[in-house]
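[1] Coordinates for the following, if possible.
(2 chains)
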Amino acid sequence: MKSEKIYLHKQAIVFRDDATEIERVAKKLAKKNPVVYIDFKAVKFISRSFADEFINSKERLKNSGVSLKTKNTAPNVKKMIALVRHTRKNILQNAGSFQI
Amino acid sequence: MKKIKKIRPVSQLEITYDRIYQEMSGIKLPKGCLDMLTYIVSELFANVKEHAFAKKIRIEMFIQSNIFYFTLADDGIGIRNSYLQSGIFAKDDRAAIELAVGGMSTKKTNERAFGLFSTQRLSGYVGGQMSIYSGNINATFEKNKTGFERLKRKIKGVKVSVAIPLKAVNVYEVLY
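    Modelled structure (predicted):
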């Protein structure tokens, strides 16, 4: 089965809306194949907001049986996603250790 | 780089950001510096989109004596009203700015409120400055130094100005 792909054309992706739009397109493509690839080749920078929403979108898609896989991701993009994942984990850990 | 001064409708926020990014990409900068400037500018744009309820934005951008100056002003509801809309009561404009820079989100999800928080952290790290105008307060943040000034007239919306020395920096390490 041919894999489904989403190509991003912007060099810098900033807004949360862009992640939810990717999610919408991925859901549509997943009707043909549950594995959707997103090609970051053109992307040089993603904002923290986009990274956060992208992680949320990936999780929502995963919960509905869609696997969103990234391709040609620049080191900066990987670093921003890692940074946001790290912060999210820290926030949850700190919240978990809160005691009255 | 030429001085850029623009007033644009918020409906063109994405296009305006893309043009600003193109301008910044064309500047010869020390290693990692473009990432820092892009990070800061993108956070300010994202704030307008998510919180301001503005109709127009005003942008000013230039470089002088190896310092990057950037201002983004909107005519929206301001920081205090943004909190009030989310059920968070800041007793005055100064308290609202302090909450925003301290990382208090108006949204109820975890990875939020990093816009002004991390902009302040980054600008302080490289020896820069960030000023926030909202309501009747002008707050200025430098490394280990914060100042609040009461304005004679209340302003509409939020204006954020940054002055960032152009230095090599690893933004991902600073923010990790």
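[2] Quick one: the helices in chain B, in order.
    Under the criterion DSSP state H, helices of chain B are mapped to B:13-25, B:33-47, B:78-85, B:93-102, B:115-125, B:171-175.
[3] Most tightly packed of those helices?
    Burial among these, expressed as mean neighbours by mean count of other C-beta atoms under 10 Å in any protein chain shown, is greatest for helix B:33-47, which shows a mean of 23. Quick note: C-beta positions are derived from backbone N, CA and C, even for glycine.
[4] Let me know the average pLDDT across that one.
    Per-residue pLDDT values over helix B:33-47 give a mean of 95.
[5] list the helices and strands that helix packs on?
    Using 3 or more C-beta pairs under 8 Å, 6 or more residues apart in numbering or on different chains; DSSP states H and E as the contact criterion, the secondary-structure elements in contact with helix B:33-47 are strand A:45-46, helix A:48-63, helix B:13-25, strand B:67-74, helix B:115-125, strand B:145-165, helix B:171-175.
[6] Reformat the ones you listed into CSV and put distance to A:R24 and mean pLDDT next to each item.
    Listed next are the helices and strands packed on helix B:33-47 as CSV, based on distance: least, C-beta to C-beta, whole Å; pLDDT from 0 to 100:
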stretch, distance to A:R24, mean pLDDT
strand A:45-46, 18, 96
helix A:48-63, 9, 94
helix B:13-25, 17, 95
strand B:67-74, 27, 97
helix B:115-125, 25, 90
strand B:145-165, 30, 96
helix B:171-175, 29, 89
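[7] how about the residues of chain B near chain A?
    Taking C-beta under 8 Å from any C-beta of the partner chain as the contact definition, chain B meets chain A at B:13-14, B:17-18, B:21, B:25, B:35, B:38-39, B:42-43, B:45-46, B:49-50, B:109-112, B:114-115, B:118, B:172, B:175-176.
[8] 6 Å - rerun?
    With C-beta under 6 Å from any C-beta of the partner chain as the criterion, chain B meets chain A at residues B:17, B:21, B:38, B:42, B:45-46, B:49, B:110-111, B:114, B:172, B:175-176.
[9] so how far is B:K2 from the nearest residue to B:L166 once chain neighbours are set aside?
    Once flanking residues are discounted, B:L166 sits nearest to B:N66: 5.1 Å by C-beta to C-beta, 6 or more residues apart in numbering or on different chains. When distances are taken as C-beta to C-beta, to the nearest Å, B:N66 and B:K2 turn out to be 17 Å apart.
[10] For chain A, name the helix or strand with the lowest mean pLDDT.
    The element with the least model confidence among the helices and strands of chain A, by mean pLDDT, DSSP states H and E, is helix A:75-96, at a mean of 84.
[11] Output the contacting helices and strands for that helix.
    With contacts defined as 3 or more C-beta pairs under 6 Å, 6 or more residues apart in numbering or on different chains; DSSP states H and E, the packing partners of helix A:75-96 are strand A:45-46, helix A:48-63, helix B:171-175.
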